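K.L.:
no sequence on this one, just coordinates:
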């Protein structure tokens, strides 16, 4: 099904967030959540720069555990949004530092 | 300052979320938060379809109160992200209904 093509949702990037989530969630198993493997595939591809810098591989287990608030071993879309929110906050903080310095 | 042009942040739409927020937050007063007026301007422009359908104008006061978790009369970026998260969840739910029907 095509996502609603409302200009507002596009400008607010909501459709692309759903599209990125579904691209990885749909790789296998239940295709509405990210399994651990799908989460790692997302991290390795979409956040390669961050992932390559990690010396301690257990960081991804800890991230997954922290995000998986209902402890079902999967990340649903709402749990995934917390990851994006955290990234957005970090990015906005560095943007503010640049503006206010 | 230019936002980091990292492809990952672009694909994850984080830069456009920050850009949309800053466009309205920067209209007046302290330009790192959305005042009530800037929030209404955002709603009228970016979510015009939703806004036009609201019979009860007090819905925006209630939305602002619910989002303004630290009660300072402003929406900072993190509080704004909750609005986007809510929209994204609603949009993803309707996407799932379409997929699973």
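P.N.:
Here it is on my side, so go on. Since this is a predicted model, take the numbers as computed values, not measurements.

K.L.:
Enumerate the residues of chain A near chain B.
P.N.:
Within reach of chain B by C-beta under 8 Å from any C-beta of the partner chain, chain A has these residues: A:1, A:3-4, A:6, A:8-9, A:11-18, A:20-22, A:32, A:46-50, A:77-78, A:81, A:84-85, A:87-89, A:91-92, A:94-96, A:98-99. Backbone N, C-alpha and C define where each C-beta goes, glycine included.

K.L.:
Residue A:39 and residue B:17, how far apart?
P.N.:
As for residue A:39, its distance to residue B:17 is 21 Å (criterion: C-beta to C-beta, to the nearest Å).

K.L.:
And the lengthiest helix in chain A, what's buried?
P.N.:
Ranked by residue count under DSSP state H, the longest helix found in chain A is helix A:77-100. For helix A:77-100, a neighbour-count test (16 or more other C-beta atoms under 10 Å in any protein chain shown) marks A:77-81, A:83-85, A:87-89, A:91-92, A:95 as buried.

K.L.:
so can I have JSON lines of those residues showing pLDDT?
P.N.:
As requested, those are exported to JSON lines (pLDDT from 0 to 100):
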{"residue": "A:77", "pLDDT": "94"}
{"residue": "A:78", "pLDDT": "93"}
{"residue": "A:79", "pLDDT": "95"}
{"residue": "A:80", "pLDDT": "94"}
{"residue": "A:81", "pLDDT": "93"}
{"residue": "A:83", "pLDDT": "92"}
{"residue": "A:84", "pLDDT": "92"}
{"residue": "A:85", "pLDDT": "91"}
{"residue": "A:87", "pLDDT": "88"}
{"residue": "A:88", "pLDDT": "90"}
{"residue": "A:89", "pLDDT": "91"}
{"residue": "A:91", "pLDDT": "87"}
{"residue": "A:92", "pLDDT": "89"}
{"residue": "A:95", "pLDDT": "83"}
